[in-house]
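> Let me see the structure of the following:
(2 chains)
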Amino acid sequence: SQQGEEDPQALSIQEGENATMNCSYKTSINNLQWYRQNSGRGLVHLILIRSNEREKHSGRLRVTLDTSKKSSSLLITASRAADTASYFCATALSGGYNKLIFGAGTRLAVHP
Amino acid sequence: SAVISQKPSRDICQRGTSLTIQCQVDSQVTMMFWYRQQPGQSLTLIATANQGSEATYESGFVIDKFPISRPNLTFSTLTVSNMSPEDSSIYLCSVVVGRDAKNIQYFGAGTRLSVL
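Numbering: from 1, shown residues only, chains lettered A, B, ... in the order given. So this is what the prediction gives:
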């Protein structure tokens, strides 16, 4: 079964607004990653947060991780139309061998 | 990082036929993975392609249906055999470069398969 569940399933906002997506998982992890997928194409790695980290920033992206609640959030600030895509969290399990388990994804639409 | 070429980018196939998808990487990589993404869904790992040995399949996927080859460290193929409309999906390959303990994966652009 999938490790990560995400909400919301879909999010529609205006340019300039912030977008927040949440991810929950079930078992111990080594790290948690976020990926973006444009229009059914390949995925692009956005950001990684290790299990011993609580917050990470990269440009307009901010990721938080709460291992006690087994949850993570991705915040995109000052969104742009080009941010329109599906966003997936993926967990690397403790003791795993590079295998990732992907969440259900959030479809983000940013309107000009 | 790695540049991954996946072919074909899309195909429309008839029921009962087979399609082989190729994944070529611009550098030698240790781990290669094949995923299926059904319409509107997330990615499901089919198998890990091991160089020089049989692929390791995930629960629900079998070698007879999804045979995988990995003849060297830069190339792998996935065959979708005896296709049915339920096999209509995007198929993606991904790689981990070197001994990346972070598990970051780099993806090909995907193969969009439609089975009639």
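> Quick test: name the residue nearest the centre of chain B.
residue B:34 (3.1 Å; C-alpha atoms, centre = their mean).
> in which helix or strand would I find it?
strand B:31-37 (DSSP states H and E).
> hmm, back to that, so the residue nearest to the centre of chain B makes contact with residue B:70?
No - in this structure, residue B:34 is not within contact of residue B:70 by C-beta atoms under 8 Å, at 10.1 Å. Every C-beta, even on glycine, is put in place using the N, C-alpha and C of the backbone.
> residues contacting the residue sitting furthest away from the middle of chain A?
Farthest-out residue of chain A from its mean C-alpha position, per C-alpha atoms, centre = their mean: residue A:112, at 22.7 Å. Residue A:112 is in contact with A:15, A:81, counting by C-beta atoms under 8 Å, 6 or more residues apart in numbering or on different chains.
> Equivalent analysis for residue B:57, please.
B:46, B:47, B:63, B:66.
> Please name the nearest non-neighbouring residue to the third one.
Taking C-beta to C-beta, 6 or more residues apart in numbering or on different chains as the measure, residue B:63 lies nearest to residue B:57, with 6.3 Å between them; neighbours along the chain are not counted.
> and that neighbour, bridged to which residues?
When bridges are called by DSSP bridges, residue B:57 pairs up with residue B:47.
> Tell me how far it lies from residue B:89.
16 Å (C-beta to C-beta, to the nearest Å).
> hey, what's in contact with both of residue B:34 and residue B:70?
In contact with both residue B:34 and residue B:70: B:49, B:55, B:76, using C-beta under 8 Å, 6+ apart.
> Brilliant, that's me finished.
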